[in-house]
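>>> Compute the structure for the input listed below.
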Amino acid sequence: MQINDKSRATSYQASNHRYDTIPYKRSGKSGVLLPAISLGLWHNFGFVDNIQNGRDIIRCAFDLGITHLDLANNYGPPYGSAEENFGTIFKKDFKPYRDELFIATKAGYDMWPGPYGNLGSRKYLISSLDQSLKRMGLDYVDIFYHHRPDPDTPLEETMGALADIVRQGKALYVGISNYEPKDTQKAAVILKNLNVPFILHQARYSMFDRWVEDGLLNTLEQNGVGCIAFSPLAQGLLTEKYLKGIPEGSRAAKDLTYLNVDAVNSNIEKIQHLNVIAQERGQKLSQMAIAWILRQPQVASVLIGASSPKQLKENIKAVDNLSFSEDELKLIDKIVS
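Just a heads-up that it's a prediction; the model follows:
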């Protein structure tokens, strides 16, 4: 598809072929089409990181058709710095392309001291989004999520705040993240009664973490809501990195809470067997892991991080082979069970 961008005044000129690479999937029953792969700014975009590298990654993503960028108020470190760095990059490169971008942010985790900087109160959600918009230099986000359930705040208050955020023009759509099926259903009913476009549930999903298959995907389908999957590579387990053990300097070697030595050692044989299937499919293990999630009709997009444009390009190749035979699926189930 040829696109005429000669009139855009920016040092960055997006590729004229940016919509030729990646397929788009509908989010539930909404009018929104998302790229099959979206870019998350959880890691590599904080003040501790090289902003030029982050700029190169986002440019590369957009040139390949990744229009959906996912942030949250506390991404960094420090908190807020990923949004601020994104705002700097947006101002320099992407202002002319604002209407082609689908930008997300969230609130729900710890952000500032005191009782109003966490969880799901109306006070916290509206204040947090106001801060996020200032950091990013935006008038609105395309979707705003409640990042996690709040067991103590009435769901009506949390969903009511999301509804008012849409009515105030600060977000076009709303979503939730990390909700169990029962509370997802309750939230869907409340938002439907408030006539608010609830279009996405962001959930952890990978070959090694399949909790969404136990009711959540069906709940989303029944309510016309799409799923966007994060941690598709199980924090790096489903890559070639750990096929022969634990490399020095890797996440597992640092013994982080979300990936440690025990997790790798207990899964090495599974990873090796899965890698054989990936090779037979002509894919890297990471590419097969992403494609495996995208086979689900309820999944609108898979959210990936990237430490470099090269890594991003490698993972996007997952869309080159999205089909699985019944034998492949049965074998994968056998390996990971």
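>>> from here on, contacts and neighbour counts on C-alpha atoms
Noted.
>>> For S27, give me its contacts.
Applying Cα atoms under 8 Å, 6 or more residues apart in numbering, we find S27 in contact with 33-34, 199-200, 225-227, 298-300.
>>> change it to 6 Å
Applying Cα atoms under 6 Å, 6 or more residues apart in numbering to S27 gives the contacts 226, 300.
>>> Output the longest helix anywhere in the chain as PDB, restricted to C-alpha atoms.
For the chain, the helix with the greatest residue count under DSSP state H is helix 122-136. Output in PDB follows, covering the C-alpha atoms of helix 122-136 (Å, rounded to 0.1, in the frame of the first residue of the first chain):
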ATOM      1  CA  ARG A 122     -12.300   7.000  41.500                       C
ATOM      2  CA  LYS A 123      -9.800   9.400  43.000                       C
ATOM      3  CA  TYR A 124      -6.800   7.400  42.000                       C
ATOM      4  CA  LEU A 125      -7.900   6.400  38.500                       C
ATOM      5  CA  ILE A 126      -8.800   9.900  37.300                       C
ATOM      6  CA  SER A 127      -5.800  11.600  39.000                       C
ATOM      7  CA  SER A 128      -3.500   9.000  37.500                       C
ATOM      8  CA  LEU A 129      -4.700   9.400  34.000                       C
ATOM      9  CA  ASP A 130      -4.500  13.200  34.300                       C
ATOM     10  CA  GLN A 131      -0.800  12.700  35.200                       C
ATOM     11  CA  SER A 132      -0.200  10.200  32.400                       C
ATOM     12  CA  LEU A 133      -1.600  12.500  29.800                       C
ATOM     13  CA  LYS A 134       0.700  15.300  30.900                       C
ATOM     14  CA  ARG A 135       3.700  13.100  30.900                       C
ATOM     15  CA  MET A 136       2.900  11.800  27.400                       C
END
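>>> which parts of it are buried?
Across helix 122-136, burial judged by 16 or more other Cα atoms under 10 Å covers 122, 124-126, 128-130, 132-133, 135-136.
>>> Would you state the strands of the stretch 101-250 of the chain in chain order?
Here the stretch 101-250 of the chain has its strands, by DSSP state E, counting those that start in this stretch, at 102-107, 141-146, 171-177, 198-204, 226-230.
>>> Out of those strands, which gets nearest to G117?
Nearest to G117, of all the strands of the stretch 101-250 of the chain, is strand 102-107, at 9.2 Å by Cα to Cα.
>>> who does the closest one pair up with?
strand 68-70 (parallel), strand 141-146 (parallel) (DSSP bridges).
>>> what does the last one rub up against?
It refers to strand 141-146. By Cα under 6 Å, 6+ apart, strand 141-146 touches 102-108, 171-176.
>>> again, only this time at 8 Å
102-108, 120, 125, 133, 158, 162, 170-177.
>>> for stretch 59-67, same thing?
Contacts for stretch 59-67 (Cα under 8 Å, 6+ apart): 14-15, 17-22, 34-35, 37-39, 100-102, 309, 312.
>>> make it 6 Å
Contacts of stretch 59-67 (Cα under 6 Å, 6+ apart): 14-15, 18-19, 21-22, 35, 38, 101-102.
>>> Quick check: which of those has the minimum pLDDT.
Note: of the contacts of stretch 59-67, the lowest pLDDT belongs to T21, at 93.
>>> What residues does that one make contact with?
Applying Cα under 6 Å, 6+ apart, the residues near T21 are L64.
>>> helix, strand or coil for it?
Here T21 takes the coil state, with states given by DSSP: H, G, I helix; E, B strand; the rest coil.
>>> Can you tell me how far it is from A36?
11 Å (Cα to Cα, to the nearest Å).
>>> List the buried residues of stretch 54-66.
By neighbour count on 16+ other Cα under 10 Å, the buried set for stretch 54-66 is 54-55, 57-66.
>>> Work out the gap between it and the centre of the chain.
15 Å (Cα atoms, centre = their mean, to the nearest Å).
>>> cool, and stretch 168-178?
Worked out by Cα atoms, centre = their mean, stretch 168-178 lies 14 Å from the chain centre.
>>> about what we covered before: let's have the buried residues of helix 122-136 in TSV, adding pLDDT.
Compiled in TSV, these are given as follows (pLDDT from 0 to 100):
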residue	pLDDT
R122	98
Y124	98
L125	98
I126	98
S128	98
L129	99
D130	98
S132	99
L133	99
R135	98
M136	98
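>>> need the strands of the stretch 101-250 of the chain in CSV with mean neighbour count and distance to R210, can you?
As requested, the strands of the stretch 101-250 of the chain are exported to CSV (neighbours: other Cα atoms under 10 Å; distance: least, Cα to Cα, whole Å):
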stretch, mean neighbour count, distance to R210
strand 102-107, 23, 23
strand 141-146, 24, 22
strand 171-177, 23, 15
strand 198-204, 25, 8
strand 226-230, 25, 11
